[in-house]
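Chemist: Model the following, please.
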Amino acid sequence: MSKRHVFEEILNSDFRWPMEGDTPFVEAENPMENALIAKDDFTRLVLMIDGYKRSADIAVAHCAEQPADRDFLVYPIIFNYRQFIELSLKYQLATHGGQVGIDANWKTHSLDRLWEDFTTLLDRYGTSDPDEADPVVASVVAQFAKIDPKSDAYRYPVDQKGNPLPITFAATHLANLADVMQAVAGYFSGCDGYLSDLHGSMP
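Modeler: This next block holds a predicted model:
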């Protein structure tokens, strides 16, 4: 078969080829079909936190139905859960840190550093941990920090010098990962509510 015939078959199939007039960002005629980008930065932060986690959750659920996609989607799944953790910690610092002399930290991707600042925040508020959840979440955060210290190991196969990024483990159970992250999400939500109450009671 000639190259011309191959090309014609591609054009006549479901294969999508770039076309004149393609524009990635347009508004739908029906407003109900649009995804809205929040104008307020705090609102965007809250939506991003939930959005990264939801996208990972949806991908995990998809993989349960389509197991052949696991080896493709594991990378964005891990990245999205890590981004959820990073933004959750930055939210806590930005929202509750000022009252106890802790600045927001938007400059680092280091989960270790963000967790250290967060535990300092908890100490300054004088929070208790009757369920001993703090060390459990600390361990989860530390594991993400170990496998992806710079938030690039699941976005690129190599570093900026072209050297292969190390892989800490060869396989992971996605359903377990999603379950653990659901618990972490509950922890951060609980902390936010508790710290908001403490903040409101401060002089």
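
Chemist: which residue sits closest to residue 120 in space, ignoring its chain neighbours?
Modeler: Counting by CB to CB, 6 or more residues apart in numbering, residue 120 lies nearest to residue 102, which is 6.3 Å off, once chain neighbours are set aside. (Glycine included, C-beta is placed from N, CA and C.)

Chemist: looking at this, that neighbour is in a strand?
Modeler: No - with DSSP: H, G, I helix; E, B strand; the rest coil as the criterion, residue 102 is coil rather than part of a strand.

Chemist: shouldn't it be in contact with residue 119?
Modeler: No - assessed by CB atoms under 8 Å, residue 102 is found out of contact with residue 119, at 10.6 Å.

Chemist: who's more crowded, those two?
Modeler: With other CB atoms under 10 Å as the criterion, residue 102 and residue 119 differ in neighbour count, and residue 102 comes out ahead with 18 against 13.

Chemist: quick one: contacts for that one?
Modeler: 93, 117, 120, 121, 124 (CB atoms under 8 Å, 6 or more residues apart in numbering).

Chemist: if I've got this straight, the last one is in a helix?
Modeler: Yes - following the definition three-state DSSP, residue 124 is counted among the residues of a helix.

Chemist: list the contacts for it?
Modeler: Residues counted as contacts of residue 124 (CB under 8 Å, 6+ apart) are 100, 101, 102.

Chemist: on that earlier part again, ok, so of the contacts of residue 102, who is nearest residue 148?
Modeler: Proximity of those to residue 148 was ranked by CB to CB; the top entry is residue 117 with 18.8 Å.

Chemist: Quick check, the closest one in contact with residue 97.
Modeler: Yes - counting by CB under 8 Å, residue 117 does reach residue 97; the two are 7.5 Å apart.

Chemist: in this protein, which ranges drop under the pLDDT threshold?
Modeler: Residues of the chain that meet the criterion pLDDT under 70 lie in 1-13, 201-203.

Chemist: where exactly do the helices run in it?
Modeler: For the chain, helices defined by DSSP state H occupy the ranges 3-11, 41-65, 70-96, 111-125, 133-147, 174-201.

Chemist: what comes up buried for the fourth one?
Modeler: If I follow you right, that is helix 111-125. Using 16 or more other CB atoms under 10 Å as the test for burial, helix 111-125 gives 111, 114, 115, 117, 118, 121, 122, 125.

Chemist: now those residues as TSV including distance to residue 50?
Modeler: Formatted as TSV, those follow (distance: CB to CB, whole Å):
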residue	distance to residue 50
111	19
114	18
115	20
117	22
118	19
121	21
122	22
125	24
